[in-house]
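Novice: For reference, the sequence and a predicted model appear below.
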Amino acid sequence: METPRKQTTDPLLCPSYVSKPGAKLFGIQNSEGKIDYLKETITIDQTFVDTAQQGRTAEERFRFAGKCIEKGCHQWNDSAHQCGLVSAIIERMNSPLSDAPQHCPIRNRCRWFEQRGMEACANCNDVIRNLEVHHFAAITA
Ligand code: SF4
């Protein structure tokens with residue numbers, strides 16, 4: 001699939017970011033374990049982080065985005081100059097492309113979309129539901 005161009009010069013965002021002040025909340029896990037994507041992102045603060053970290057981790061119930069730090073992340077494939085995580089998720093989940101892709105408020109800056117286009121989006125909302133993949137996806141930056 002052709003790599004889409006991002007429509008902004010702003011830095012790309014990692015869509016598997018941690019819950020920390022300044023992160024952008026963009027998805028909430030629904031009762032079926034899928035992600036409901038927000039219309040717009042919400043920048044979270046320390047109060048949100050403290051409140052959300054009860055029982056399950058915030059990363060198991062919400063999706064956050066933050067600046068892709070490339071070489072600073074253990075998922076970064078330096079020789080390919082790409083995030084290695086999205087390819088691993090697509091290979092593992094192998095979800096079909098949707099005729100009606102979900103709205104996503106970070107699409108024009110998403111690292112995964114930049115690399116894999118709608119293939120990334122088709123496999124994105126299972127990332128939390130499948131805990132094994134989610135652990136695989138955990139970014140500790
Ligand atoms: S892969 Fe697609 S759905 Fe997932 S965060 Fe990126 S743009 Fe949004």
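Specialist: Received, thanks. Numbers count the residues shown, from 1 in each chain.
Novice: where's the nearest residue to residue 97 once chain neighbours are set aside, which helix or strand?
Specialist: Closest residue to residue 97 apart from its sequence neighbours, by CB to CB, 6 or more residues apart in numbering: residue 122 at 5.0 Å. Bear in mind the C-beta positions are built from the backbone N, C-alpha and C, glycine included. Here residue 122 sits within helix 118-124, counting by DSSP states H and E.
Novice: who's in contact with that helix?
Specialist: Outside helix 118-124, the residues that touch it by CB atoms under 8 Å, 6 or more residues apart in numbering are 1, 15, 35, 86, 89-90, 93-98, 101-102, 104, 107, 110, 112-113.
Novice: and the longest helix seen in the chain, average pLDDT?
Specialist: Taking DSSP state H as the criterion, the chain has its longest helix at helix 85-93. The average of the pLDDT scores along helix 85-93 is 92.
Novice: packing partners for that helix?
Specialist: helix 111-116, helix 118-124, helix 131-137 (3 or more CB pairs under 8 Å, 6 or more residues apart in numbering; DSSP states H and E).
Novice: and those, which one's lowest on average pLDDT?
Specialist: Minimum mean pLDDT among the helices and strands packed on helix 85-93: helix 131-137, a mean of 49.
Novice: Spell out which parts of this structure neighbour the ligand.
Specialist: Taking CB under 6 Å from any ligand atom, the part of the chain that reaches the ligand is made up of 15, 104, 106, 107, 110, 112, 113, 120, 121, 124.
Novice: Buried subset of the contacts of helix 118-124 as a PyMOL selection?
Specialist: Only the buried entries of the contacts of helix 118-124 go into this PyMOL selection, using 16 or more other CB atoms under 10 Å:
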select buried, resi 15+35+86+89+90+93+104+107+110+112+113
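Novice: can you give me the strands in the protein?
Specialist: For the chain, the strands defined by DSSP state E occupy 13-17, 24-29, 35-43, 62-67, 76-77, 82-83.
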